[in-house]
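Engineer: Provided below for reference: sequence and predicted model.
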Amino acid sequence: MTEPGPFIRPDMKAFLDGLKALGPRPTVAEMSLEEARNSYRALHAMADRPARELAVVRDLACPGPAGNIPLRLYDTKADREAGPAMVFFHGGGFVIGDLETHHSLCAELCALMDMPLVAVDYRRAPEAPFPAAVDDCEAATRWIAGSPAELQREITGLIPIGDSAGGNATVVISQQLESEPAATPVILQVPIFPLVSDAKGSESLEQFSEGFVLTKAAVEFFDQSYKPDRNDPRAFPILGDHAQTPPTVLVTASLDPIRDSGRDYAAALADANTRHVHLEIAGVTHSFTNLRAAVAGAQADLEGIVAAMNSMLEKTA
């Protein structure tokens with residue numbers, strides 16, 4: 001008797017079946033960098049909802065360790081009183097994502113939270129391997145924390161948030177700002193299907209190695225490109241100190257090859273008695289937050305994440 005497979009939510013199954021019907025495609029490792037990056041943009045353009053119209057969507061830049069770091073400011077209001085802001089770090093394995101791949105998601109988060117959001121376009125591997133990306137993310141977050149005139153907003157609290165590689169950066173930056181505080185404190189962090197511990201050898205990496213959007217081959221390709229130091233908490237923040245972690249909304253997806261990495265982080269937060277909520281969305285894959293047009297329930301999933309964020313913020317106020 002064959003063992004039953006993992007639960008796949010019907011709306012996600014329809015999307016996966018549609019991808020399968022397109023036939024075999026080259027893996028990210030078989031593409032040129034330009035092809036891989038274009039393919040990632042195309043997937044999100046096809047599968048995500050159109051970006052919301054907002055009062056402010058403005059490109060700007062801040063100083064970084066290797067030159068200016070491109071940023072994008074989102075806000076539902078042209079003018080705003082002092083308050084917190086989200087700092088968003090995009091996914092893409094530190095290799096293929098950019099401001100455009102996550103533009104719709106950033107606009108949606110801004111609208112749902114009714115809060116400014118600044119997206120960070122950090123340097124990518126393999127052109128700039130570890131720790132270039134997280135160095136840029138830290139520099140940008142510290143710049144935002146200082147309420148620079150370019151933002152035209154007074155920032156009173158920081159909310160690092162990001163998906164996948166950006167979820168890794170979220171945890172890394174929270175740890176860096178805890179060890180050396182910025183001008184404004186981190187009041188909440190939101191790592192979404194993050195890579196926090198090393199995924200190599202994990203059960204989920206083998207179980208969902210193919211056919212679930214993110215593949216084992218892609219995880220390995222990103223790792224080879226980024227070249228993380230496996231003994232450095234800036235690469236695998238599970239190695240860092242969790243005792244002073246800010247309130248956390250941690251999100252994992254049950255069909256994700258790197259799911260167990262997020263679960264490892266949830267266990268570390270529990271062991272450290274850190275206030276957190278762990279939302280594991282059942283029956284969906286990695287990147288579900290960028291599949292909101294193709295996967296009918298993904299918008300409600302995102303709204304559930306935002307509800308958890310607001311609940312956590314109310315408890316810390």
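Structural biologist: Looks like it arrived, so ask away.
Engineer: Output the one helix or strand Pro84 maps to as CSV, nothing but the C-alphas.
Structural biologist: Using DSSP states H and E, the element containing Pro84 is strand 83-89. The C-alpha coordinates for strand 83-89 follow below in CSV (Å, rounded to 0.1, in the frame of the first residue of the first chain):
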residue,chain,number,x,y,z
GLY,A,83,5.3,56.2,13.1
PRO,A,84,6.9,52.9,12.2
ALA,A,85,8.0,51.7,8.8
MET,A,86,8.5,48.3,7.2
VAL,A,87,11.9,47.6,5.6
PHE,A,88,11.5,44.9,2.9
PHE,A,89,14.2,42.5,1.7
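Engineer: Give the other helices and strands that it contacts.
Structural biologist: Under the contact definition 3 or more C-beta pairs under 8 Å, 6 or more residues apart in numbering; DSSP states H and E, strand 83-89 sits against helix 103-113, strand 117-120, helix 132-145, strand 155-163, helix 165-179. C-beta here means a position set from N, CA and C on the backbone, and glycine is covered the same way.
Engineer: okay if I get these as CSV plus mean neighbour count and distance to Gly283?
Structural biologist: What follows is these, written out as CSV (neighbours: other C-beta atoms under 10 Å; distance: least, C-beta to C-beta, whole Å):
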stretch, mean neighbour count, distance to Gly283
helix 103-113, 22, 20
strand 117-120, 27, 28
helix 132-145, 23, 31
strand 155-163, 25, 18
helix 165-179, 26, 20
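Engineer: who wins for proximity to Pro185 among those?
Structural biologist: Pro185 lies closest, by C-beta to C-beta, to one member of the helices and strands packed on strand 83-89: strand 155-163, at 6.1 Å.
Engineer: State whether Glu210 and Lys216 are indeed in contact, as I suppose.
Structural biologist: Yes. Between Glu210 and Lys216 a contact is recorded at 7.0 Å, counting by C-beta atoms under 8 Å.
Engineer: And these two? Which one has more around it.
Structural biologist: For Glu210 versus Lys216, neighbours defined as other C-beta atoms under 10 Å are more numerous around Lys216 (19 against 11).
Engineer: Can you name the residues that contact that one?
Structural biologist: Lys216 sits next to Leu205, Glu206, Phe208, Ser209, Glu210, Pro257 when contact means C-beta atoms under 8 Å, 6 or more residues apart in numbering.
Engineer: Perfect, I'm done here.
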